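*Asks:* Starting from these lines, generate the structure:
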Amino acid sequence: GARWMQIVVGIVCMVAAANIQYAWTLFVPEIQATHGWTRASIQTAFTVFVVVQTWLTPIEGYFIDRYGPRVIVAFGGVMTGLSWIIDSYAGSLGMLYFGSAIGGIGVGCVYATCVNSAIKWFPDKRGLAVGLTAGGYGAGSALTILPIANMIHSSGYQAAFFWFGLLQGAIILCAAFFLRAPQKDQVKSSTKVLQSRRDYTLKEALQTPVFWVMMVMFICTVSGGLMAVAQLGVIAHDLGVKEAPISLFGITMAALPFALMLDRVMNGISRPLFGFISDHIGREATMFIAFTFEGIGILMLSRFGHDPIMFLILSGMVFLAWGEVYSLFSATSADTFGTKHAAKIYGVLYCAKG
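*Replies:* Numbering: from 1, shown residues only. Presented below is the predicted three-dimensional model:
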């Protein structure tokens, strides 16, 4: 029971941190309309966020292994809240980029700690545990996409930044107090997946060829998905389906918000689903299946995406086959290199996202 509690708290933190990445696309047109900055210069803020969030992970990993989860997540919560509050006041691009960098630090602390916590508490169900946690980051924003969009519409984007920033930061800060690291006798190893009996240090891991193979694979797979996350609105516009109404299950919505919501859900389901499968058939076989789907999905989206229904289905497929990279690579990393230095080692691997 204690360890499932840790997973639940981790998911709550991830959900609260997710919007900085996943709701960003809602703010871009409003910022552009208000300040007249080019779309590319506004999107640079997203790049700043992703780079800071990922490339600082090894340093955060060092602090997690050293000080434990509670302190790092509490700090992450403060930074996450502060980020959007800064964005709400940003009158210049520099200020916007600064807000994004602060957000990158905050989300990085939350994300790295919660994933690492799942790795350490559940060696026997590692794929599933990491998948559920990372799934909170992928799917969490599905709940808030509409409230944020509505608030932007009714009160302006600055108010949405301010109040949601405050709320998200507060939630993470409160949740942090419930996190802790497991004791030696509280966990047991997997019987189905090969797991290292020795704990590699970061230096030893970097000397193995398998680490670099994983790094290259991670870079390749993560690029396609991030491209879709950041540019789906633009892609929908270029394919001419952005405003096209779609009726499904008795709901009628424009193709883009419909796709955005479906994609968040798919992205979220993907992580525990493929993680669970990988606990049973192995990580490598699962990667093979998922990455094949991903490639086919992206190719077909460019060919058939101008049909609104196909746009919805194919973008969903792309996100379903993409989200699992975060559960598979972290679980494989811990299986291969042990858990003692897991935060540092996966931290370096996770830089692939940047």
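*Asks:* Count the neighbours of A159 for me.
*Replies:* Residues lying near A159 (other Cβ atoms under 10 Å) number 13. C-beta coordinates here come from the backbone N, C-alpha and C atoms, glycine included.
*Asks:* Also M253?
*Replies:* Neighbour number of M253 under other Cβ under 10 Å is 16.
*Asks:* Give me the next element, helix or strand, following the strand or helix carrying it.
*Replies:* For M253, the host element (DSSP states H and E) is strand 251-254. Using DSSP H and E, the helix or strand that directly follows strand 251-254 along the chain is helix 255-281.
*Asks:* So which bits of the host helix or strand of I309 are buried?
*Replies:* Per DSSP H and E, I309 falls inside helix 308-322. By neighbour count, with 16 or more other Cβ atoms under 10 Å as the criterion, the buried positions of helix 308-322 are 308, 310-322.
*Asks:* And for stretch 15-29?
*Replies:* Quick answer for stretch 15-29 (16+ other Cβ under 10 Å): 15-28.
*Asks:* Of those residues, which is the nearest to G108?
*Replies:* Taking Cβ to Cβ as the measure, A17 is the one of those closest to G108, at 9.3 Å.
*Asks:* so how far is L93 from the closest one?
*Replies:* Distance of A17 to L93, computed by Cβ to Cβ, to the nearest Å: 24 Å.
*Asks:* Can you verify S88 is assigned to a helix?
*Replies:* Yes. Looking at S88 with DSSP: H, G, I helix; E, B strand; the rest coil, it is inside a helix.
*Asks:* can you count the residues close to it?
*Replies:* Around S88 there are 19 residues (other Cβ under 10 Å).
*Asks:* who's in contact with it?
*Replies:* Each residue near S88 by Cβ atoms under 8 Å, 6 or more residues apart in numbering is listed here: 158-162, 165.
*Asks:* mind running it again at 7 Å?
*Replies:* Contacts for S88 were tallied using Cβ atoms under 7 Å, 6 or more residues apart in numbering; they are 158, 161-162, 165.
*Asks:* Look at it and report its pLDDT.
*Replies:* With respect to pLDDT, S88 has a value of 93.
*Asks:* And the strands in the stretch 101-250 of the chain, which stretches?
*Replies:* Counting by DSSP state E, counting those that start in this stretch, the stretch 101-250 of the chain has strands at residues 245-248.
*Asks:* coming back round to it: can you add pLDDT and neighbour count and give the contacts of S88 back as TSV?
*Replies:* Below are these laid out as TSV (pLDDT from 0 to 100; neighbours: other Cβ atoms under 10 Å):
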residue	pLDDT	neighbour count
Q158	93	18
F161	93	26
F162	96	20
G165	95	23
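*Asks:* of these, closest to W55?
*Replies:* In terms of Cβ to Cβ, no member of these lies closer to W55 than G165, at 22.8 Å.
*Asks:* List of residues touching the very next helix or strand once past the helix holding I309?
*Replies:* Following helix 308-322 in sequence order, the next helix or strand is helix 325-337 (DSSP H and E). Residues outside helix 325-337 that contact it (Cβ under 7 Å, 6+ apart): 115, 119, 126-127, 130-131, 134, 193-196, 200, 205, 210, 214, 218, 221-222, 271, 274-275, 278, 283, 286-287, 342, 345-346, 349.
*Asks:* Kindly provide the whole-number mean pLDDT of helix 325-337.
*Replies:* 90.
*Asks:* likewise stretch 18-26?
*Replies:* Mean predicted confidence for stretch 18-26 is 86.
*Asks:* Which residues does it contact?
*Replies:* Under Cβ under 7 Å, 6+ apart, the answer for stretch 18-26 is 46, 49, 80, 83-84, 103, 107, 137, 140-141, 144-145, 148-149, 152, 164, 168, 230, 232-233, 264.
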